[in-house]
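Asker: Structure for the following, please:
(2 chains)
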Amino acid sequence: MTDLPISPYPALLVGLPILMATLSLFFRTRGEAIVGIIGSLLTAGLALIAFVEVTKMGTVIHILGGWEPPLGILLRMDPLASVFIGMTAVVGVFISLYAWRYFPAQEATNGRLPLFWPLWLFLWAGLNGLFLSNDLFNLFVTLEVIGISAVALAVLSGKSPALSAGLRYLLAAITGSMAYLFGVALIYGSTGTLDLKLLSQVLEPGTTTSFALLVITLGLMIKMAGFPFHFWLPPAHSSAPAPVSALLSALVVKGAFYILLRLWMEVFGVSLTYAAGQLIGLAGAIAVIWGSWQAFMQTRLKLIVAHSSVAQLGYLLMIFPLIILAPGVTADSADWLSPVWTAGIYQVLAHAFAKASFFLSAGIIIMALGHDRIESLRDLVGHMRITALAIGLAGVSLIGLPPSGGFMAKWMLLKGIFLSGQWWWAPVVLTGSLLSAGYIFMLLRLAFAPSREKAPFRPVPKKLEVYALLLALGSFLIVLPADSLVQFLESSEIFGSGIETILEGGINGND
Amino acid sequence: METYQIYSLTSAVLFVIGIGGVFISRHFIKKIIATIIMGGGVFLSFVSFADRDALAFADPVPHALVITGIVVAVASAAFALALARRIYQLTEEESFTNDK
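Answerer: Alright, predicted model coming up:
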């Protein structure tokens, strides 16, 4: 592990946002925002430089303070981590630019919302740290940094619905991390190590490992709002200010998914069974149907978008049954692994771009109308052409119509489903898309409908609309470098791998 | 039964009491206390493993982890209490009303 090339970037990616966040606390209002936006731009720039470094050198590591593991902390940036860091940087920088204009424009109606910038930069540091972490305890710490700053961001407005949703979110987050930490304790107790690489070699199947897997999965499912623990997500995401909703939905929930994927693939392989994969896939499938249906039933724009997040996260869980192979199937003979992994990555990327754009557009509409009841969206196209276009494009990606990133994800997922012979997942993917089409077209129908009364739209800064549109376009542009992206990811050990199950039958540890 | 096993079992019981409390009770403060009990269970399990290998000295790593964990748990509990207090000031509600 320590023979990999050493690079300063992993440490800087965590350190720089923390430094800028702390710095911004010394300033008031405008100064805070200036330091904040500079910090965001610097972090994003650094992330892109680090991304390029990884494409050139492969996996790089950083040993903090020169203290080698097991005593010290090792940060590892492999292709998979760098794609997540790159995604955070690109989506994050657009949300930052939006926030830079959004909060001053909002001051008249909502008052000043201080502390957005330091909290967002702490959140960013936590996310980068999470993607780079290489041991179980470090993952816990970054999860907590993310959890606390995310809740603090969600309650920024200080209104009672937001506070109540925030408390629910915080309690879910604490419960999730404690369950995760309990699993970590069991793993440490039975192996004496926390290092992911080492664990994959020494972990043995048994009751303790299965129980640890169970509580860790439970904890992470709570954190990523997987069915049936999705209850905290819609109120928390919909009652936050627009840039915060975008951050929470596009980036924060992906953190827990990333850990779940890493741990299942790299560490817990020995104790996973085919049935465990099927069960978590079932949770995902129910989330897809239930979330899309709930989104369809909502009458407020932000609630539609938030419920659609539950559904889109369900698709991510559906890749697990496909990469956990049935007993007797070897990873070499499973030709569906590569499409399934591509589907997973594209689902993460497309959802991040499309959902961020959608929430930012919802913020623009609230700014223009003063509320987000969807019946007032009539004649949106006539008054706010750019925002209508952004919603349309983001919607197309969420439904999964070509040529969007969402299409790529769902197409590859279906391909994997049929190649693997697990046809029972296919109707779920199709029904989910159909229901998404239902709520997206409902919105678009209203947007094109002529308005009966005089237009109530107030003018909104053009730049806000442009940022939302650019993110929506992003969910299409990510398809262009698909081949080179998949090739790059394949140099990651984990990408394209499958778990060859050793244990027969039994669920042996799942939610 | 060895000493560490008693502690380990106690920790599991505490964890289950905590997680049950979080899901069953509706009152803000009860839920927050339940998460603290969960935390207590987790930290006790870490410490109990430190004494397990019959070494001459206790394993220091779990202690370091528990210290970090306690700091995090205190911070989250304080944050949750502050939120609960603010909600009470604004609405006089002290428990979640609708589902869950």
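Asker: Let me know the pLDDT of the residue in the stretch 101-250 of chain A that chain B sits nearest to.
Answerer: Across the stretch 101-250 of chain A, the shortest distance to chain B (Cβ to the nearest Cβ) belongs to A:Gly189, at 3.7 Å. Yep, even glycine has a C-beta here, placed from its N, CA and C like the rest. We have a pLDDT of 86 for A:Gly189.
Asker: Just give me the neighbour total for it.
Answerer: 20 (other Cβ atoms under 10 Å in any protein chain shown).
Asker: Could you do A:Ala172 as well?
Answerer: Neighbours of A:Ala172 (other Cβ under 10 Å): 24.
Asker: that older thread, what sits against the residue of the stretch 101-250 of chain A closest to chain B?
Answerer: With contact set as Cβ atoms under 8 Å, 6 or more residues apart in numbering or on different chains, A:Gly189 has these partners: A:208, B:8, B:45-46, B:48-49, B:52.
Asker: who wins for most neighbours among the residues you listed?
Answerer: So for those (other Cβ under 10 Å), the most neighbours sit at B:Ser45, 27 neighbours.
Asker: Mind jotting down where the helices sit in chain B?
Answerer: Using DSSP state H, the helices found in chain B span residues B:3-24, B:28-50, B:60-91.
Asker: And those helices: which comes nearest A:Pro459?
Answerer: Shortest distance between A:Pro459 and the helices of chain B, using Cβ to Cβ, is found for helix B:60-91: 32.2 Å.
Asker: For my notes, confirm the residue of the stretch 101-250 of chain A closest to chain B occurs in a helix.
Answerer: Yes. Counting by DSSP: H, G, I helix; E, B strand; the rest coil, A:Gly189 is located in a helix.
Asker: which non-adjacent residue is nearest the residue positioned nearest the centre of chain A?
Answerer: In chain A, the C-alpha nearest the mean C-alpha coordinate belongs to A:Lys254, at 2.4 Å (Cα atoms, centre = their mean). Once flanking residues are discounted, A:Lys254 sits nearest to A:Val348: 5.8 Å by Cβ to Cβ, 6 or more residues apart in numbering or on different chains.
Asker: on that earlier part again, mind giving me TSV with the helices of chain B and columns for distance to A:Leu19 and mean pLDDT?
Answerer: Listed next are the helices of chain B as TSV, based on distance: least, Cβ to Cβ, whole Å; pLDDT from 0 to 100:
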stretch	distance to A:Leu19	mean pLDDT
helix B:3-24	35	90
helix B:28-50	30	92
helix B:60-91	20	92
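Asker: Next, give me the two most distant ones among the contacts of A:Gly189.
Answerer: Farthest-apart pair in the contacts of A:Gly189 is A:Thr208 and B:Phe46; separation 14.4 Å (Cβ to Cβ).
Asker: so the residue nearest to A:Lys254, which of the three states?
Answerer: Put simply, A:Val348 is helix when judged by three-state DSSP.
Asker: So what's the residue count around A:Leu153?
Answerer: For A:Leu153, the neighbour count with other Cβ under 10 Å is 24.
Asker: buried sites along the helix or strand containing it?
Answerer: Secondary structure from DSSP states H and E places A:Leu153 in helix A:136-154. Across helix A:136-154, burial judged by 16 or more other Cβ atoms under 10 Å in any protein chain shown covers A:136-154.
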